[in-house]
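Undergrad: What follows is a predicted protein model with its sequence.
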Amino acid sequence: MSCERWIWVELIGFDNTKPDCGAREYLDRIGFVPEGISILFGAVDFVLLHNNDAKEYELFPDFCSRQGHEYNEDRHRQVWQSSQLKTLISELQKYGVKMFFTISMINLHNQFHEEWCSRFGMRASLTTRPEGIDTCKLFSEKLQQVLEYYNFDGYHISDGVIPDHNITDEGISIYNIVLNEFNEAVGGKIPAEMLTVEYDSSFETRRERGRFIWENLHDQWFNFVLERWKKIFLTVTAAVHDCGRLVMMNSVAAKGIFETLLFTGFDMRWLNGNVDILVVESVATSMALVTGNFDKLFDFSAITMEMRAILPDIKIINLTGCKDVVESFDSVRNAPCLLERDIYAMANTYFNGRRCSDGVMFCLGDGISSEQWKTLEKWREQSYGFPAKAADGWTIYLDNSLYDSMISDYLVRGTAPSYIYVAELVKKGVEIFNVTTLIDDDTPLFVPNFNFLDEAVQKKIRERKGITVIIEDEKDGIFCEILSDSQLIYSLGAAADDDDFDSFTRFDLFNERIPLRKIPAEFLTQLADTMRNYPSMVSPLNNPEENFFNSVRDGNRRRCAIFSKIDYYTVADCTLPDAENAVLDKISPFPVHALMLQENKLVCRKALSTADYYGALRVPPRGVFVFDITPKE
């Protein structure tokens, strides 16, 4: 099946001493022609300070490499002229590469030149009128000039430009002009002392002010910020489309739709009809290894399904964090097992007969050797190359109305978004890699947040035939019902544990989950065991505490993957009675020996018994093992 390959790379990845500014050399090195390349420039000034009247001008150092860093693995930062950038773009376009660019809102405090951000402030500049300037209008006009001057094919809105401020963390402090406008809009309901310079002098007082707004004026603030971002978003995307270019955009702060809506004031549903390509931030390995935080693989897999269900007509590309000199990580060299796992997991979720993901964006694409590119290509091919239309296991049902109906309940008791339930259950070995917005009678359906659906939808779900697992997050607790042909056959519940919940709790928007009501561990364990062992849905893995399983189909053929959750080689305890009369083809190069079944257990042929220490099928540490099952003719 087709899989688009995109690359996000800094200008330092190309050599401007070559006649074509390094275009052919770069393509030779990566070994393929990507669908597109997005050049990552270091500052919004690439747009706002663009000189449209000049035939040629020298680019600032923080355009030539992100934040002006001096070198990567291949070369020192070069001095680029605007004419050379034009040459690079046109030469890559000759090979069929679509050329985009990205900027970020980084303030380097005039290290290389007088910066817009230093003069007017950072993210707030797009929402305000400093010195009487309509920044949004100016930015949109300059953006059109840049697109046409260099003949870019599109504009890539990155995570450093779209709203990514957690207002509970910032204490609503960076929007001083906006804050005064908001106070005027609500009739001066913010106490006067909270709008003084003294209140901006410490984080504690800013938090105090933020809490006052969050608890007393939340709906007004929410709608105020929402409308401002919507106007900016629609203005910028319209400007790009008006000059015949495409819009690519990253998901916000590596979060799902509900968190983005509530904590940043941006509604991902606006993308429908306004954005051509969505890049889902799914850089689980780099985020975990750089911050030491929890592994977000399960969250990102579930978020990819959510984005596809709610944005069905947008091309979705998954971001793969390969390496980054500025952020100082290199997963290609230091964590290849995890990177291979990330690519496979993001590729193999499904929506109504198609993959959720349309491709991969390698980030960043400089300083990677030809051999490493070949390895990345092998991982991509094993992940996207099998022509599957669905995964085995359960299907989560999502509804567009959930996000709005959950807000008031979340503020009181921290109701978890649907994808959180999916992530936690997959972590415990339940196979949930399909998503749907349809209610039919064939699919084993998983419906979290059931009580927030419209009554008509609830009725239809309860009356459907087939297996249905319903989760209701109520005031008194969390409850589960399992229905078979609309008849209740099993129920499970846990008392509420949310007395100390505080929706204004400070958290790291990028690296942590939002504050949530505690989902009792025993409830999740019982639910996972029930779903894993439900008749006709029995998982082939017997050690979910160490591994989890993904199986996709093309007719009678299956491609299977065993993932490790552990930092050492795990032994796959996998029972496959339906593969007794099938050919087992190993796709992953490790382990070396061929596969066989021994008393329906999957082992390597070297094994003398299932307990053979060296012959057992071992899965790489936090990696993935991929194999095919094909019926014998």
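TA: Everything's here; your move. Residues are numbered from 1 along each chain as shown.
Undergrad: Check which element follows the helix or strand harbouring residue 309 along the chain.
TA: Taking DSSP states H and E as the definition, residue 309 sits inside helix 297-310. Using DSSP H and E, the helix or strand that follows helix 297-310 towards the C-terminus is strand 315-321.
Undergrad: Name the strands paired with that next one and say parallel or antiparallel.
TA: Note on strand 315-321: by DSSP bridges, its sheet partners are strand 277-280 (parallel), strand 359-363 (parallel).
Undergrad: contacts for the longest one?
TA: Right, the one you point to is strand 359-363. 3-8, 35, 38, 279, 283, 315, 317-322, 324, 343, 346-347, 368, 376, 380, 383-384 (CB atoms under 8 Å, 6 or more residues apart in numbering). Where you see a C-beta, it was placed from the backbone N, CA and C, and this is true even at glycine.
Undergrad: per-residue confidence averaged over the helix or strand that that strand is followed by?
TA: Proceeding N to C from strand 359-363, the next assigned helix or strand is helix 370-384, under DSSP H and E. Averaging pLDDT along helix 370-384 gives 96.
Undergrad: for helix 370-384, packing partners?
TA: Packing partners of helix 370-384 (3 or more CB pairs under 8 Å, 6 or more residues apart in numbering; DSSP states H and E): helix 23-30, helix 331-334, helix 336-347, strand 359-363.
Undergrad: angle of the last one against helix 336-347?
TA: Translated: strand 359-363. Counting by axes from the mean of the first three to the mean of the last three CA atoms, to 10 degrees, strand 359-363 lies at 150 degrees to helix 336-347.
Undergrad: average pLDDT across the helix holding residue 309?
TA: In this model, helix 297-310 has a mean pLDDT of 96.
Undergrad: How about stretch 159-174?
TA: Mean predicted lDDT for stretch 159-174 stands at 58.
Undergrad: low-confidence ranges in this structure?
TA: For the chain, the stretches flagged by pLDDT under 70 are 1, 120-132, 160-177, 498, 606-615.
Undergrad: what's the longest helix in it?
TA: Across the chain, the helix with the greatest residue count (assigned by DSSP state H) is helix 218-242.
Undergrad: how far does that one sit from the chain's center?
TA: Helix 218-242 sits 21 Å away from the centroid of its parent chain (CA atoms, centre = their mean, to the nearest Å).
Undergrad: ok, and what's touching it?
TA: 126-127, 136-137, 139-141, 143-144, 147, 154-155, 157, 162-163, 167, 172, 178, 182, 185-186, 213-214, 246-247, 261-262, 264-267, 270, 274-275, 407, 411.
Undergrad: Can you list the buried residues in that helix?
TA: Using 16 or more other CB atoms under 10 Å as the test for burial, helix 218-242 gives 218, 221-222, 224-226, 228-229, 232-233, 236-237, 239-241.
Undergrad: so which of these comes closest to residue 101?
TA: Nearest to residue 101 among the buried residues of helix 218-242: residue 240, at 11.3 Å, using CB to CB.
Undergrad: how much space is there between the closest one and residue 514?
TA: 31 Å (CB to CB, to the nearest Å).
Undergrad: can you tell me how far the nearest residue to residue 375 once chain neighbours are set aside sits from residue 296?
TA: Leaving aside its sequence neighbours, residue 375 sits nearest to residue 336 (CB to CB, 6 or more residues apart in numbering; 7.2 Å). Applying CB to CB, the value for residue 336 to residue 296 is 19 Å.
Undergrad: These two: who's more crowded?
TA: Set side by side, residue 336 and residue 296 show more neighbours around residue 296, with 23 against 17, by other CB atoms under 10 Å.
Undergrad: For the more buried one, which residues are in contact?
TA: Residue 296 makes contact with 254, 284, 287, 288 under the criterion CB under 8 Å, 6+ apart.
Undergrad: And those, which is closest to residue 401?
TA: Among the contacts of residue 296, and counting by CB to CB, the member closest to residue 401 is residue 254, at 24.3 Å.
Undergrad: What about the closest one, how many residues nearby?
TA: The number of residues packed near residue 254 is 24, by other CB under 10 Å.
Undergrad: repeat for the one 4 residues further on
TA: Close neighbours of residue 258, defined as other CB under 10 Å, add up to 24.
Undergrad: Quick check, it in contact with residue 405.
TA: No. Proximity of residue 258 to residue 405 does not meet the contact threshold set by CB atoms under 8 Å, at 10.5 Å.
Undergrad: what about residue 276, neighbour count?
TA: By other CB under 10 Å, the residues close to residue 276 number 18.
Undergrad: I meant to write residue 437 there.
TA: 14.
Undergrad: Report the separation between it and residue 401.
TA: Computed as CB to CB, the residue 437 to residue 401 distance reads 11 Å.
Undergrad: And for residue 228?
TA: As judged by CB to CB, residue 228 and residue 401 stand 24 Å apart.
Undergrad: Then residue 554?
TA: When distance is defined by CB to CB, residue 554 is 34 Å away from residue 401.
Undergrad: again with residue 109
TA: According to CB to CB, residue 109 stands 46 Å off from residue 401.
Undergrad: neighbour-wise, which of those two wins?
TA: Legend: neighbour count by other CB under 10 Å for residue 109 and residue 401, higher for residue 401 (12 against 7).
Undergrad: Is that one in contact with residue 453, as I believe?
TA: Yes. With contact defined as CB under 8 Å, residue 401 counts as touching residue 453 (7.0 Å).
Undergrad: coming back round to it: paired strands for the helix or strand following the longest helix of the chain, with orientation please.
TA: Heading C-terminal from helix 218-242, the first helix or strand you meet, by DSSP H and E, is strand 246-250. Using DSSP bridges, strand 246-250 pairs in its sheet with strand 154-157 (parallel), strand 277-280 (parallel).
Undergrad: show me where the stretch 501-633 of the chain has strands.
TA: Assigned by DSSP state E, counting those that start in this stretch, the strands in the stretch 501-633 of the chain fall at 547-554, 557-564, 570-571, 582-586, 595-598, 601-604, 618-619, 624-631.
Undergrad: quick revisit: CSV for the contacts of residue 296, including distance to residue 579?
TA: Below are those laid out as CSV (distance: CB to CB, whole Å):
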residue, distance to residue 579
254, 37
284, 30
287, 36
288, 33
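Undergrad: Tell me the one of these nearest residue 54?
TA: residue 254 (38.1 Å).
Undergrad: Okay, the spatially closest residue to that closest one that is not a sequence neighbour and residue 159: tell me how far apart.
TA: Nearest non-adjacent residue to residue 254, counting by CB to CB, 6+ apart: residue 281, 4.1 Å away. Distance of residue 281 to residue 159, computed by CB to CB: 6 Å.
Undergrad: anything in contact with each of the two?
TA: Overlap of the contact sets of residue 281 and residue 159 (by CB under 8 Å, 6+ apart) consists of 250, 251, 253, 254.
Undergrad: The second one against residue 303, yeah?
TA: Yes. With contact defined as CB under 8 Å, residue 251 counts as touching residue 303 (7.3 Å).
Undergrad: Between the two, which is the more surrounded one?
TA: Legend: neighbour count by other CB under 10 Å for residue 251 and residue 303, higher for residue 303 (28 against 25).
Undergrad: Now for the more buried one: which residues touch it?
TA: Neighbour list for residue 303: 251, 255, 256, 280, 282, 419 [criterion: CB under 8 Å, 6+ apart].
Undergrad: Out of those, give me the one that has the most neighbours.
TA: Among the contacts of residue 303, residue 282 has the most neighbours (other CB under 10 Å), with 29 neighbours.
Undergrad: still on that earlier bit, any residues in contact with both of residue 251 and residue 303?
TA: Each of residue 280 lies in contact with both residue 251 and residue 303 under the rule CB under 8 Å, 6+ apart.
Undergrad: which residues does the nearest residue to residue 352 once chain neighbours are set aside bridge with?
TA: Once flanking residues are discounted, residue 352 sits nearest to residue 436: 5.8 Å by CB to CB, 6+ apart. Listed beta-bridge partners, residue 436: residue 397 (assigned using DSSP bridges).
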